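> predicted model and sequence below, questions to follow.
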Amino acid sequence: MTVRGQLFLHEAGVRGHAFDDADTTRRFAVEMLVDGRVTDLARADAFAPEAAAIGDGCYGFGFALDDAVVEAGETLEVRLANGGERVGEALRLGSRPLGSRQTAPREAAGHVAWQGGLRLTGWVAIRPDAAATVRVIVDRAVAAEAPACGWVTVIQGGVRTTRAGFDIHLPEALADGRVYRATVVDGRGVPLAGSPCAVLAFPDGLRAFLMARSDIAAGDPRCGTIAALVPQSLPFAAFDRWSADHAPSPPSGPAASGPVAVVLVGAAVEPSIASLEAQHGIAWVALQAADGGFPGRFAPGEVATFLAAEGEDVPVVLALAGTRFRADALSRLAAAVTGCGGLVYPDSTVGHGPGRVPLLWPAYDAERQLEQGYAALVYAAPAAAVREALRAGAASLFDLFLALAARAAADGDAPVHLPEMLVVLPRLDPGLGPTLAAATRAATGAPATPLEPDAATGLPAVHVGRPRGSARVTLAVIQPEDATADLDRVAGRMGRGLDRCLLVSHGDLPVPRGWHNLAVPGWRNPARLRDAALRASGSAAVLLLDAGLEPVDDAALDELAGRLAAGGVAAVAGLVMDPDGIVLAAGSVAGPGFSIAPAFAGEREGAGGYAGGLRVARCCGALDAACLLVDRAAALEAGGFDAAHFPDLFAGADLSLRLRGAGHRLLVAPRARFVRHSVWREPPAPARQAEEAHLRRRWGEDLLHDPFYHPALNRDAAPFTALACPPLPRAARRPWRPAGPPLPPDSP
């Protein structure tokens, strides 16, 4: 046996590799010795870039060193366990400065994290515009390779930088219920921090695996908890296979037999008619309603005449001409309309072949409907309600949907979302934007400006310029640290309408003229500061803004305040990004990881996001408190911020859920843009875990089911980026209120 290898000192410890020159399939156990005394043991089977050309390259090992070892010892060496042969040359510990003598740390090659199932995400230490490839090595073979083509905001040593991000799904052959060790390396072969990491996945998810081996029933609440804590996902590129493997279960009620009336708006009806002729077990009759060159519009009289002979309860399906219906689409829609007696809209896909994009919608979101018209592309309703809306003058798919939704709201109800992909949309005409804008102006009386269609899907978008009203706003900058922000610049960019400016801190801090310092004694507790600002303000609304955040332009406050003035809205968040234009948060999603996750983090400024959701105002299941305009009365009635249980991270989410439980809406307005210039100190891991545990105990099932997040979308820490595998149950749904715990005591 001829042992060869090398040993290297670095900032975090010592690493190296060892192999048998005569038998490269052999693996060794190695011991670290300091001044001849054994201090640690490791197995030399990790990928080692210096040995990449030898065998499979998996001969690496590593040991951590702390300052006490370095200060007390002189010589470090590594030997084979039980054999005694030395690996490489002995090292002098004095050559490595640590602790008080430590030099600036070498930048990490990158970082990788397991997101559950077969998904790995992370970043590499190159510029985002440079080319980079990431390889994953499992069982001494390259299991996957992908470019690092996204963007990630990284904080190291209190410094924020933008790095190239990657997102890798490993081969499905590894989803066999066994634990694999995945070593992830950059293009140079250097392992990333967090590597090797354990990967565990199952063919149909952990939930199905456990149910097959225990007495857990499918409806048991523990199933949802398991799916959230150990999620699995597939990339959108695998949509065809995913949809075949996870077709929704047949409806439990009696099948609808018809008749169904179908209205197709536009000229190219041939694909629609062909798909209607393939419908299973249901009678139908169809009308082609000409749009007269205005996409989505029709002559109300023509449609009313067509429906005159239909009974009041006959379901009417309305869609753009060229929409292709799944073979059971009409029966599914008819059954849903009959079951709820009102307005129903399904999911859909857009595009053809490998480029197909699933449009997995939220439960009904009135604000998003006004700005994107998402639910009006295909929907169904009883004939009597449709005829009434036509008599009132509805002349487009968007007009008609909004009229039907308004009728439902007057009855204390809401449109029903049927989370099934029942149709394939045709190529969307850019002229849908002006049609949507006209419908939105008519419904709100506010200016509605058409925007460019979403680049990925062609979905229309408009911006509603809601008037902010006369309500005055208190600006409260939350400053738990000693150093103060540039308060004059922040206030200057807010424009008109500020009633009062507060710097809220734990100590007395100097403030510019016109500002007031609200000092809240105690240890660092941002939630306590926010709650004190809420209670001290005499204004109708309070803008809570983390120190270090400032608006991009002077339109941000008007945008937030206009949304807050809309009926039933209790809180509005803006879009937060870093100085490089990388989105840090645009609202939050409740449920991923049985916790709260920021939406659209990592997207570039100006990007559309999944299904165009980053371009339009929309409802959220939860909001972060870093940039939050709240209705003061509603927030206080809900109990304010619970600083005792959520001092740092989840106080905003907890208040959000209580506001929703009281019947209020939460919005995110992505056109109100804020840049985060400073880096807040993150709480230690135990503090985060304690807050997260209390959030789970308090909200339970309510935390798992965000009505504004689709049950078929991924449940890991990067929402809107993949398909859940398997999806959660997909029952017809309306927006619902969290059940809610008792109100928390006043924060100390």
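Good, I have the coordinates. Numbers count the residues shown, from 1 in each chain.
> all strands for the stretch 1-150 of the chain, in order.
3-10, 13-20, 28-34, 37-44, 60-64, 75-80, 86-92, 110-116, 119-124, 133-138, 141-147, 150-156 (DSSP state E, counting those that start in this stretch).
> between those, which one is nearest to Tyr709?
strand 110-116 (16.2 Å; C-beta to C-beta). Heads up, the C-betas are built off the backbone N, CA and C, glycines and all.
> export the closest one to CSV, keeping only CA atoms.
Taking Å, rounded to 0.1, in the frame of the first residue of the first chain, the C-alpha atoms of strand 110-116 are listed here in CSV:
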residue,chain,number,x,y,z
GLY,A,110,-20.4,29.5,-2.8
HIS,A,111,-23.1,27.8,-0.8
VAL,A,112,-25.6,25.0,-1.3
ALA,A,113,-28.8,24.1,0.6
TRP,A,114,-31.2,21.2,0.3
GLN,A,115,-34.7,22.4,-0.3
GLY,A,116,-36.4,19.0,0.1
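> that one versus strand 133-138: what angle between them?
50 degrees (axes from the mean of the first three to the mean of the last three C-alpha atoms, to 10 degrees).
> returning to what we had before: hey, which of the strands of the stretch 1-150 of the chain is tucked in deepest?
strand 119-124 (a mean of 26; mean count of other C-beta atoms under 10 Å).
> list the contacts of that one.
109-115, 132, 134, 136, 148, 152, 154, 163-170, 182, 184, 186-187, 192, 194, 197, 199, 232-233, 714, 716, 718, 722 (C-beta atoms under 8 Å, 6 or more residues apart in numbering).
> can we see that at 6 Å?
Residues from elsewhere that reach strand 119-124, judged by C-beta atoms under 6 Å, 6 or more residues apart in numbering: 110-115, 132, 148, 152, 154, 163-165, 167-169, 186, 233.
> and for stretch 429-440?
Contacts of stretch 429-440 (C-beta under 6 Å, 6+ apart): 295-297, 370, 373, 396, 398-399, 402, 448, 450, 453, 460, 462, 464.
> ok, and the most crowded of the residues you listed?
Pro460 (31 neighbours; other C-beta atoms under 10 Å).
> just to revisit the earlier point, wait, which of the contacts of stretch 429-440 is closest to Arg673?
Of all the contacts of stretch 429-440, Val464 has the smallest distance to Arg673: 16.8 Å, by C-beta to C-beta.
> where do the strands sit along the stretch 601-748 of the chain?
Using DSSP E, counting those that start in this stretch, strands in the stretch 601-748 of the chain cover 618-619, 627-631, 665-676, 723-724.
> how close does Gly117 sit to His705?
Separation of Gly117 from His705 (C-beta to C-beta, to the nearest Å): 20 Å.
> between these two, which is the more surrounded one?
Neighbour comparison, Gly117 and His705: the larger count goes to Gly117, with 28 against 19 (by other C-beta under 10 Å).
> excluding its backbone neighbours, what's nearest the more buried one?
Nearest non-adjacent residue to Gly117, counting by C-beta to C-beta, 6 or more residues apart in numbering: Gln232, 3.0 Å away.
> what of Pro726?
With sequence-adjacent residues excluded and distances taken as C-beta to C-beta, 6+ apart, Pro726 is closest to Gly205, at 4.8 Å.
> tally of neighbours for the one you found?
Residues near Gly205, counting by other C-beta under 10 Å: 25.
> now swap in the one 3 residues further on and tell me
Neighbourhood size, Ala208 [other C-beta under 10 Å]: 16.
> what does the pLDDT read for Val136?
pLDDT recorded at Val136 is 94.
> state the distance from it to Val185.
Going from Val136 to Val185 by C-beta to C-beta gives 8 Å.
> ok, Val87 to Ser272 distance?
From Val87 to Ser272 the distance is 71 Å (C-beta to C-beta).
> quickly list the domain ranges of the chain.
Domain assignment for the chain by automatic domain parsing gives 3-101, 110-200, 260-464, 473-724.
> dump those to JSON lines, plus distance to Ala237.
Below are the domains of the chain laid out as JSON lines (distance: least, C-beta to C-beta, whole Å):
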{"stretch": "domain 3-101", "distance to Ala237": "27"}
{"stretch": "domain 110-200", "distance to Ala237": "9"}
{"stretch": "domain 260-464", "distance to Ala237": "7"}
{"stretch": "domain 473-724", "distance to Ala237": "10"}
